[in-house]
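Colleague: turn this into a model:
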Amino acid sequence: MFRMLPAMNLRQRLAVWWSCLWRQLLFTLPLWGLGLGLAATWVFTRERPHHHWVASVLAALAVVLPICFFASLPLIGYTARRGFAVQGLVAPERLTFWQAVMVGLTTAGWSVVTGIPLNLLISPFRGTHYGLPAHFVVFLTQIAAALYVVLPRQARRLRLSSEQS
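Modeller: Below you'll find the model as predicted:
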């Protein structure tokens, strides 16, 4: 379930992970920036009493965050496919929109599944002088989870997509 085909060492996994990561950041950060910019514009241009500004911010984020998340899923899928293809791994020549959404959903879903327990583990250390080292350990652990949990799931999804094509 969590093996890479072909078998890869840490250096090769890091190369694939970085190849996917920088592409995902390049294409999704502008989308998130645009969404948050539109939310900020909406919040600050509305006429409202000053004591309701928190409700306006929460309402704007409740609308923008799900839209940006779902809009970024196919972008994540296309960039993951490209990252795998550049590294010479099994990837379909082209992804349909729904295949790209599924690869993006696989990436986002497994990232959340691995991230939640790690963040719960450091919650007792927040607000203490161990907070920064705990965050650093979680950061390194999340990279390990990306290499050994998320990456193999992406590879499996792309392999299944290439068999369907």
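Colleague: which helix or strand in this protein has the lowest average pLDDT?
Modeller: Least confident helix or strand of the chain, by mean pLDDT, DSSP states H and E, is helix 131-145 with a mean of 87.
Colleague: what's the helix or strand for the spatially most central residue of the chain?
Modeller: Among the residues of the chain, the one closest to the centroid is Ala108, at 4.7 Å (C-alpha atoms, centre = their mean). Using DSSP states H and E, Ala108 sits in helix 97-122.
Colleague: what packs against that helix?
Modeller: Contact here means 3 or more C-beta pairs under 8 Å, 6 or more residues apart in numbering; DSSP states H and E; on that basis helix 97-122 packs against helix 53-86, helix 131-145, helix 151-164. No exception for glycine: its C-beta is placed from N, CA and C like everyone else's.
Colleague: can you put those helices in CSV and add distance to Thr28 and mean neighbour count?
Modeller: As requested, these are exported to CSV (distance: least, C-beta to C-beta, whole Å; neighbours: other C-beta atoms under 10 Å):
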stretch, distance to Thr28, mean neighbour count
helix 53-86, 4, 17
helix 131-145, 17, 14
helix 151-164, 15, 19
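Colleague: any idea which of those helices gets closest to Leu5?
Modeller: Closest of the helices and strands packed on helix 97-122 to Leu5 is helix 151-164, at 6.8 Å (criterion: C-beta to C-beta).
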